[in-house]
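# Kindly generate the corresponding structure for this input.
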Amino acid sequence: MNQILYPGPYTINNRPIILKPWTVNFDFNKEFPTKIPFWVKFSKLPMSCWGKGSLSQISSVIGVSIYADECTAKQTRISYARMLIEVNVTKPLPEKIVVMDPTGNKFEQEVFYDWKPKFCPKCSMVGHTCTKKMPQP
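Next up, the predicted model:
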């Protein structure tokens, strides 16, 4: 079983497939993961920011960097860098982040997600949005 579970993460159509060992008490409503790996693109990222450390640091603003895709790692496509990042889907996903290049210059970097899951802040569930009213303070 470990040969299947641990080589991942797995995706289909750029959407994550979450594999977990089954248990008798498994409940989809209680055990749905809130940290999910996403493919994230940084379009027109300056080449000075393409080092492994730089990409990891830039990705850390969004979540936990897992790895770069092959074209990014080998720098064979320079129109954008693409990283797999573990993201907490219960928090808003930034559309732009502030990046500091190796020379200390700051710039605003657009962030593109291959896919975004639905998250319902009203019932704190991933996978849908509902019409349930938020409690009044």
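
# State the mean pLDDT of the helix or strand harbouring T72.
Here T72 sits within helix 70-74, counting by DSSP states H and E. Across helix 70-74, pLDDT averages out at 93.

# Please apply the same query to stretch 42-54.
93.

# Report the distance from it to the chain centre.
Mean-position distance between stretch 42-54 and its chain equals 17 Å (Cα atoms, centre = their mean, to the nearest Å).

# who touches it?
Outside of stretch 42-54, the residues within contact range by Cβ atoms under 8 Å, 6 or more residues apart in numbering are 55, 58, 68, 72, 75, 78-83, 99, 101-103, 107, 109-112. For glycine as for every other residue, the C-beta is placed from the backbone atoms N, C-alpha and C.

# can we see that at 10 Å?
Residues outside stretch 42-54 that contact it (Cβ atoms under 10 Å, 6 or more residues apart in numbering): 55, 57-59, 62, 65, 67-68, 72-73, 75, 78-83, 97, 99-103, 105, 107, 109-112.

# Just the CA trace of the helix or strand hosting F38, in CSV.
For F38, the host element (DSSP H and E) is strand 35-43. Only the C-alpha atoms of strand 35-43 are listed here, as CSV (Å, rounded to 0.1, in the frame of the first residue of the first chain):
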residue,chain,number,x,y,z
LYS,A,35,-4.3,21.4,3.0
ILE,A,36,-4.2,20.4,-0.7
PRO,A,37,-1.4,20.5,-3.3
PHE,A,38,-2.0,23.0,-6.1
TRP,A,39,-0.2,23.7,-9.3
VAL,A,40,0.6,27.5,-9.2
LYS,A,41,2.1,29.6,-12.0
PHE,A,42,4.2,32.7,-11.6
SER,A,43,4.0,34.3,-15.1
